[in-house]
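Colleague: Mind folding the following:
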Amino acid sequence: MTKFREVVSLSAEARLTISSGPHLIEIAPAAGGRITRFATQGSRGLQDWLVPVTAEIWPCDAWPKGGSYPLVPFSNRVRDARFPAPDGAEVELATFPGMAHALHGFGQFAAWNVELHEADCIVLRYVHGEGEHGWPWAFEAVQLIEANAQGARLSMRVANRSGSPMPVGLGFHPYFGAQEAELHTTTHWRHEAEIAIEPTVEPPVHQHVREAEGYTRYLSGWDGRATLRYADGRTLELQADDALSHVVVHCPAQAGYLCVEPVSHVSDGFNLAARGLTGTGVAVIEPGSEIQASLVMAAGATPDRCDGGDV
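Modeller: Here you go, the predicted model:
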């Protein structure tokens, strides 16, 4: 029998701001630890890179399509909300009513605690208890969000606080206002209803344009770089580290945004890895160990880091 999660309201009324030079980032810790705005002051005023989140409250299963939120301890979908654990036991995750598959982990549906807030950086922590929402492992996740002269840097660390090995993935889910993105990958995964099935022999396209019909593309073998182009001629450069070798390009039909989601594994990676498929990107971390990843959103060199908190 499917386990259902309670639908609670998330509040983004309390927002914290960090900045550096012309770059501004707003964060709503209590609303899924998400960035609600990333913009740059220019000659034409404040110009947004992400679709800004203007809503102040929403049910956690119907979030506004804007800003950027953390994906932890997995990204995208887990088919039928079930997968085999490393020891062979079946894990059954709780889902929201009407949702057949587990989606986007737990981080964006919860409040994050503020560990540090300085002028140009913020550190947020999420603690997940063993067995919560059907996830058998206890873990902690820490986000470090930075603003600097080049733009923004997002990083996340996830630590296994349970007594057994934990499968894990992570990533970021930004909603860009860009018209197109250029990026280079080696593998395009076939999917059905946004559940990945297997790698294809089809060569991945490099140009991803916002289209009225919409599409979702699961890609791997990514070199971690992308160039986003906006209708007004602006460009934004993405640079993800090696842990984020997968990327989802998501353009819903008639949507006013383009998602380029740097992630560590493919959709339904836990089940695909259990079936023996290679290249899923799924990691298994031992008790007390951790996994980490970072993403730069900038028009220049990789920003300098600001000291953050340990997991």
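Colleague: Go through stretch 60-69 and flag the buried ones.
Modeller: Judged by neighbour count using 16 or more other Cβ atoms under 10 Å, the buried positions of stretch 60-69 are C60, D61, W63, P64, G66, G67, S68, Y69. In this view, the C-beta of every residue, glycine as well, is placed from N, C-alpha and C.
Colleague: Keep only those of those that are in strands.
Modeller: S68, Y69 (DSSP state E).
Colleague: which ones are touching W49?
Modeller: Listed by Cβ atoms under 8 Å, 6 or more residues apart in numbering, the contact partners of W49 are F38, A39, T40, G151, F176, G177, L228, L236, M297.
Colleague: hey, where'd the helices end up in the stretch 151-300 of the chain?
Modeller: Applying DSSP state H, counting those that start in this stretch to the stretch 151-300 of the chain gives helices spanning 269-274.
Colleague: returning to what we had before: closest one of the buried residues of stretch 60-69 to P203?
Modeller: Checking the buried residues of stretch 60-69 against P203 by Cβ to Cβ gives S68 as the nearest, at 28.9 Å.
Colleague: do you know how far the closest one is from E261?
Modeller: Using Cβ to Cβ, to the nearest Å, S68 is found at 9 Å from E261.
Colleague: Dump stretch 177-184 to PDB, keeping only the CA atoms.
Modeller: Taking C-alpha atoms only, stretch 177-184 is exported to PDB below (Å, rounded to 0.1, in the frame of the first residue of the first chain):
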ATOM      1  CA  GLY A 177      14.600  32.800 -17.800                       C
ATOM      2  CA  ALA A 178      16.900  32.000 -20.700                       C
ATOM      3  CA  GLN A 179      15.800  31.300 -24.300                       C
ATOM      4  CA  GLU A 180      18.400  28.600 -25.000                       C
ATOM      5  CA  ALA A 181      21.300  26.600 -23.500                       C
ATOM      6  CA  GLU A 182      24.300  25.100 -25.200                       C
ATOM      7  CA  LEU A 183      26.000  22.200 -23.500                       C
ATOM      8  CA  HIS A 184      28.000  19.100 -24.400                       C
END
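Colleague: can you pull the buried residues of it?
Modeller: Residues of stretch 177-184 classed as buried: G177, A178, E180, A181, L183 (neighbour count, 16+ other Cβ under 10 Å).
Colleague: low-confidence ranges in the stretch 151-300 of the chain?
Modeller: Applying pLDDT under 70 to the predicted model, the residue ranges of the stretch 151-300 of the chain that meet it are 299-300.
Colleague: what's the residue closest to the geometric middle of this structure?
Modeller: Nearest to the mean C-alpha position of the chain, counting by Cα atoms, centre = their mean, stands F172 at 2.1 Å.
Colleague: got the contact list for that residue?
Modeller: Contacts for F172 were tallied using Cβ under 8 Å, 6+ apart; they are S68, Y69, P70, L71, L154, M156, E261, P262, V263, L295.
Colleague: beta partners for the second one?
Modeller: Right, the one you point to is Y69. On the basis of DSSP bridges, Y69 is bridged to H173.
Colleague: residue contacts, it?
Modeller: Remark: with contacts taken as Cβ under 8 Å, 6+ apart, Y69 is in contact with G32, G33, R34, I35, W63, H104, G107, Q108, F172, H173.
Colleague: Which ones among these lie within strands?
Modeller: R34, I35, F172, H173.
Colleague: pretty sure the last one is touching V260, no?
Modeller: No. Counting by Cβ atoms under 8 Å, no contact exists between H173 and V260, whose distance comes to 9.6 Å.
Colleague: Of those two, which one has the most company?
Modeller: Between H173 and V260, counted using other Cβ atoms under 10 Å, the more crowded position is H173 (26 against 23).
Colleague: Please name the residues that touch that one.
Modeller: By Cβ under 8 Å, 6+ apart, the contact set of H173 is S68, Y69, P70, L71, S75, H104, Q108, C259, E261.
Colleague: W189 too?
Modeller: A196, I197, E198, P199, T200, Y218, L219, S220, V266, S267.
Colleague: Who is the nearest residue to it once chain neighbours are set aside paired with across the strands?
Modeller: Of all residues beyond its chain neighbours, the one nearest W189 is Y218 (4.0 Å), with distances taken as Cβ to Cβ, 6 or more residues apart in numbering. According to DSSP bridges, the partner residues bridging Y218 are W189, V248.
Colleague: I figured Y218 was touching S267, is that so?
Modeller: Yes. Taking Cβ under 8 Å as the contact criterion, Y218 and S267 are neighbours in contact, 5.5 Å apart.
Colleague: who has more neighbours, the two?
Modeller: Counting neighbours by other Cβ under 10 Å for Y218 and for S267 shows that Y218 has the greater number, 29 against 26.
Colleague: who touches both of S68 and E261?
Modeller: With contacts taken as Cβ under 8 Å, 6+ apart, S68 and E261 have F172, H173, P174 as neighbours in common.
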